[in-house]
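Peer 1: What would the 3D arrangement of this be:
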Amino acid sequence: ESMNDPVSKTRLIEMYDSLKMEKWTEIKDLLKSSKTSPEFTRTLVQKTFKDAAEEMRRIKQQIEETFGFTESSSGQENQKVEGFRKLAVHNLQLALYHSNKDLLKDVMVNLRRLTSECHWLGCLIALNHPPLQPDWESQDYEKNSW
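Peer 2: A predicted model of the protein is given here:
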């Protein structure tokens, strides 16, 4: 894992932890003042991550179909093809990382920043090999809730 890779597994986990702990705290007061319920927000965040993962699963499937790669493929040429397929997915992940998060999703005004960040990060972690999974059960999330 390259330390210079902005979408390495370690970096993605750091971004996810930052979203959970720091950015959530920043937006929490805004959500309280708009009387948005914690349950609604939690459900929305989880749905945003799930939708992003599903969207990336479809895109990865299209890439695999384009390369004509199957799990039963073997041989040196197929290893090269698999390497290029992984590189294509990684390049997609890098392009997404450098894209403007606000252009990805336009949701409710008060939750736009949060859902935009969740969708962006959800796409990035879904493209990781192997895909990472958000941790909805950790004590950190509960500790940082309303």
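
Peer 1: Any stretches of this structure with poor pLDDT?
Peer 2: Within the chain, the segments meeting pLDDT under 70 span 69-74, 100-110, 139-146.

Peer 1: do that again at 50, thanks
Peer 2: 104-107, 145-146 (pLDDT under 50).

Peer 1: Please, where are all the helices along it?
Peer 2: 9-18, 24-33, 38-67, 76-98, 112-127, 139-143 (DSSP state H).

Peer 1: Packed most tightly, which of these would that be?
Peer 2: Most buried of the helices of the chain by mean neighbour count (mean count of other Cβ atoms under 10 Å) is helix 112-127; its value is a mean of 22. C-beta coordinates here come from the backbone N, C-alpha and C atoms, glycine included.

Peer 1: So which elements touch that helix?
Peer 2: helix 9-18, helix 24-33, helix 38-67, helix 76-98 (3 or more Cβ pairs under 8 Å, 6 or more residues apart in numbering; DSSP states H and E).

Peer 1: again, only this time at 6 Å
Peer 2: On a contact count with 3 or more Cβ pairs under 6 Å, 6 or more residues apart in numbering; DSSP states H and E, helix 112-127 meets helix 9-18, helix 38-67, helix 76-98.

Peer 1: tell me what the last one is packed against?
Peer 2: Secondary structure elements in contact with helix 76-98, counted by 3+ Cβ pairs under 6 Å, 6+ apart, are helix 38-67, helix 112-127.

Peer 1: Including distance to K28, could these go into CSV?
Peer 2: Below are these laid out as CSV (distance: least, Cβ to Cβ, whole Å):
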stretch, distance to K28
helix 38-67, 9
helix 112-127, 10
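
Peer 1: quick one: which of those is nearest S8?
Peer 2: helix 112-127 (10.5 Å; Cβ to Cβ).

Peer 1: residues contacting the residue nearest to P134 when sequence neighbours are not counted?
Peer 2: Residue nearest to P134 in three dimensions, not counting chain neighbours: F49, with 5.0 Å by Cβ to Cβ, 6 or more residues apart in numbering. Shown in contact with F49 (Cβ atoms under 6 Å, 6 or more residues apart in numbering): C118, G122, P134.
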